[in-house]
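Visitor: the following comprises the amino acid sequence and a computationally predicted model.
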Amino acid sequence: MDLGPQQIGKWLIVAGISIVVLGLLLVGLSRIGLFRLPGDLQFGSKSWRIYIPIASSIILSIILTLIVWLIHIFRR
């Protein structure tokens, strides 16, 4: 595959659009409460905070697995 300036430019545009879509998706999911589930752990005090999103990670993994599985099924 020849990676000329035009090809690299196209890949950069696709990467930028993907990052914007992912950012908007994360903002939208946080507004509906995805990152405040009972299985998400938070520790901290006034000056520091540790957040471990266990339940949110499991739900996102299930959703992404279903999406990839559906794409695989429909590409056959």
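Guide: Great, that's in hand. Numbering: from 1, shown residues only.

Visitor: now the spatially most central residue of the chain: how far from residue 16?
Guide: Nearest residue to the geometric centre of the chain (Cα atoms, centre = their mean): residue 22, 5.5 Å. Distance, residue 22 to residue 16, using Cβ to Cβ, to the nearest Å: 11 Å. Every C-beta, even on glycine, is put in place using the N, C-alpha and C of the backbone.

Visitor: could you pull up the mean pLDDT of stretch 13-23?
Guide: Stretch 13-23 shows a mean pLDDT of 92.

Visitor: output the below-cut-off pLDDT ranges for this protein.
Guide: In the predicted model of the chain, residues 1 satisfy pLDDT under 70.

Visitor: just give me the longest helix of it.
Guide: Secondary structure assigned by DSSP state H gives helix 5-31 as the longest helix of the chain.

Visitor: chain center to the helix or strand that that one is followed by, what's the gap?
Guide: Next along the chain after helix 5-31, taking DSSP states H and E as the criterion, comes strand 40-44. Remark: strand 40-44 is offset 20 Å from the chain centroid, using Cα atoms, centre = their mean, to the nearest Å.

Visitor: which residues does strand 40-44 contact?
Guide: Contacts to strand 40-44, defined as Cβ atoms under 8 Å, 6 or more residues apart in numbering, come from residues 49-56.

Visitor: next SSE downstream of that strand?
Guide: Following strand 40-44 in sequence order, the next helix or strand is strand 49-53 (DSSP H and E).
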